[in-house]
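> Build me a model:
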Amino acid sequence: MSHPRFNLVDEPWIPVVDDTGLTREVALQELFISAHELRGLADNSPLSLFSTLRLLFVVAHRIVEGPTSLGHWRRIWNAGRFQESAVKAYFNQWRHRFDLFDPEWPFMQVGGFETVKDGMVAPSSIARLVPELAAGSNPTLFDHSNDTQPVALRQSEAARALLVAHSFGLQGGQGSTSRWPGVKEFKHPNLVDAPFVAGISTWVSRERLFETLVANLVPIGPDRPRPHFSSNEDYPTWERTELRKPGRYVPTGFLEYCSWTIRYIRLLPDPDAFVRRMYIAQGPVISREASIENPFAFYIADKQGRRKPVSLETGRAVWRDSSALFATVRDDKTVQPPAAINELRNGRSRTIFAEHGLLEIKCVGLVPSKGTAVEIRLESVPAQVRILDIVDSVHLLESALAYIENVWTALQMAVFELAFIRVQSSEDNTRGKKLRRKPLSTGEQKAVRGLSRRLGFWERMDQEFRTFMVGLDEPARLVWIQAARHAASDGLERAACFVEGNVARIGCAFSIADSILKAELAKLEPKTPSLESSPTIASP
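From the prediction side, this is the model:
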């Protein structure tokens, strides 16, 4: 009896924007042969976008057999396209491992695997693969799902959802009992977070897909430290001949790490070419003893000096932490930018960019809470390419970000003072006596926090940040300072509009709060070195 087939090498499943601006789906082989003609991926899901890129990066490494050095990387870049013969040779060798429904080795799944309960097979909804669907936070993610009927994914969508599960699957849920060929019954541990849940995943974005893929290929080899170590025994998951059983392991190298399958999954296709059900359980976990840092994330040290990835926070734009994103590696190891940024500094930037080019970093992350994704975002952080070569450009960014955080602190002080004064007697306010603070009640404290979220300060500074980073010089810094001051003043006026109470009392409270804001802002004028004769960052 024949089984359903959907081979990712030949079947269209990756949404792209082609050279004419049209969006269509392409197969893996077509994507790599025509990557120089494609503008980029066109996935509506941020998590699926990065998860697909993660796969493409690993495949690209295998096709080019490296890069093993800067010189090797330059030859790949200067070719302007992937060599068609190399693309076809790789997929001809491994095509059988890219079949989504192969009975023995289904792509990034476990052949014959099934979950059971009380001796009966117990499949799950395909919605469990994708945090957006499982949380009900984006019911139109794949156009077929809603909250009143079972989720049904097209086979191409199921393939992308599978990648998301291995990259961003969330912890939670009781461990399943399963069986598969050679194993009668196995009790799995509870689900744990997939490798890319912690931290913000980043990549360098370019005008063509070929350029995006190659710009993010870091040198790998047996002489490289982890996570870029890769020997002859390091293979992507789909090339392995042995199934890793549930447990904790140290990846053989970069290729296995970047293709790690953290779940045991088997998709169950329906006759109508949709996928509604699957089997899923916890699979192998990357051991903490491996001490492998995510090469797509950026790190800063916490108060205890332990380096941790910068993670997405609700209401906090990624650019507010971009000093770590573009930081140079320091002797104290307190910061670690993404690997692609380091490689740009190590000699790639002049090959990729013009002298006054613009660098664009894409950032994807989620905010997990109790096994669901409460927020998922894709953001773009731009910068003048000089930030890679001129030390003081990094210092200028650090100074600008420190300044804006101090302005925000000053604004919050003024807003809280506005709230404190609001709850005092009008007699104390109007006679100018020393203010007798009355503690805010729990309800009032909650109202003040809500008020801070309605100031529009950060929304206004988002665009100002882009303007600053495009300039990244002394005039841009001065514009940034003035914009921050205006945003703070406007934010305080906005706060006063939302405060309820006697008009005269609110007016008096606003006057005092405004004086506090102006006094705090007067303390903040930063001193930044000129960029006219700044030293450059030496390339190794």
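> Which secondary structure element of this structure has the lowest mean pLDDT?
Every helix and strand in the chain was compared by mean pLDDT, DSSP states H and E; the lowest is helix 426-431, with a mean of 44.
> what about Arg350, which SS state?
Here Arg350 is recorded as helix under DSSP: H, G, I helix; E, B strand; the rest coil.
> check contacts around it.
Going by Cβ atoms under 8 Å, 6 or more residues apart in numbering, Arg350 touches no other residue. To be clear about C-beta, it is placed using only N, CA and C from the backbone, and glycine gets the same treatment.
> quick thing: my sequence starts at 2, can you match it?
Renumbered: residue one is now 2, and that last one reads Arg351.
> tell me the pLDDT at it?
For Arg351, the pLDDT comes out at 84.
> can you check Glu294 too?
For Glu294, the model assigns a pLDDT of 87.
> State the helix or strand in which Leu48 lies.
For Leu48, the host element (DSSP states H and E) is helix 47-65.
> Could you point out the helix or strand that follows that helix?
helix 71-80.
> Report the buried residues of that following helix.
By 16 or more other Cβ atoms under 10 Å, the buried positions in helix 71-80 come out as 71, 73-74, 77-78.
> can you put those residues in TSV and add distance to Gly248 and pLDDT?
Formatted as TSV, these follow (distance: Cβ to Cβ, whole Å; pLDDT from 0 to 100):
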residue	distance to Gly248	pLDDT
Leu71	38	93
His73	36	96
Trp74	36	95
Ile77	37	97
Trp78	40	96
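> wait, which of those residues is closest to Glu31?
Proximity of the buried residues of helix 71-80 to Glu31 (Cβ to Cβ) peaks at Ile77, which lies at 19.6 Å.
> Does that closest one touch Ala216 like I think?
No: the pair Ile77 and Ala216 does not pass the contact test of Cβ atoms under 8 Å, sitting 10.5 Å apart.
> Then Ser312 would be within a strand, right?
No: counting by three-state DSSP, Ser312 falls outside a strand, being coil.
> Now do it, the pLDDT please.
For Ser312, pLDDT reads 94.
> got it, and Val65?
pLDDT for Val65: 97.
> quick one: it and Pro220 touch, right?
No: in this structure, Val65 is not within contact of Pro220 by Cβ under 8 Å, at 11.2 Å.
> overlap in contacts of those two?
The contact lists of Val65 and Pro220 share no entry, where a contact means Cβ under 8 Å, 6+ apart.
> Now do the helix holding Leu48 against helix 71-80: the angle between them, please.
Per axes from the mean of the first three to the mean of the last three Cα atoms, to 10 degrees, the angle that helix 47-65 makes with helix 71-80 is 110 degrees.
> I'd like the distance between the residue lying closest to Ile221 once chain neighbours are set aside and Gly366.
Take Ile221 and drop its neighbours on the chain: the residue closest to it by Cβ to Cβ, 6 or more residues apart in numbering is Ser231, 4.1 Å away. Distance, Ser231 to Gly366, using Cβ to Cβ, to the nearest Å: 26 Å.
> and if you look at Asp390?
28 Å.
> Could you do Gly120 as well?
As for Gly120, its distance to Gly366 is 41 Å (criterion: Cβ to Cβ).
> Many thanks, we can stop here.
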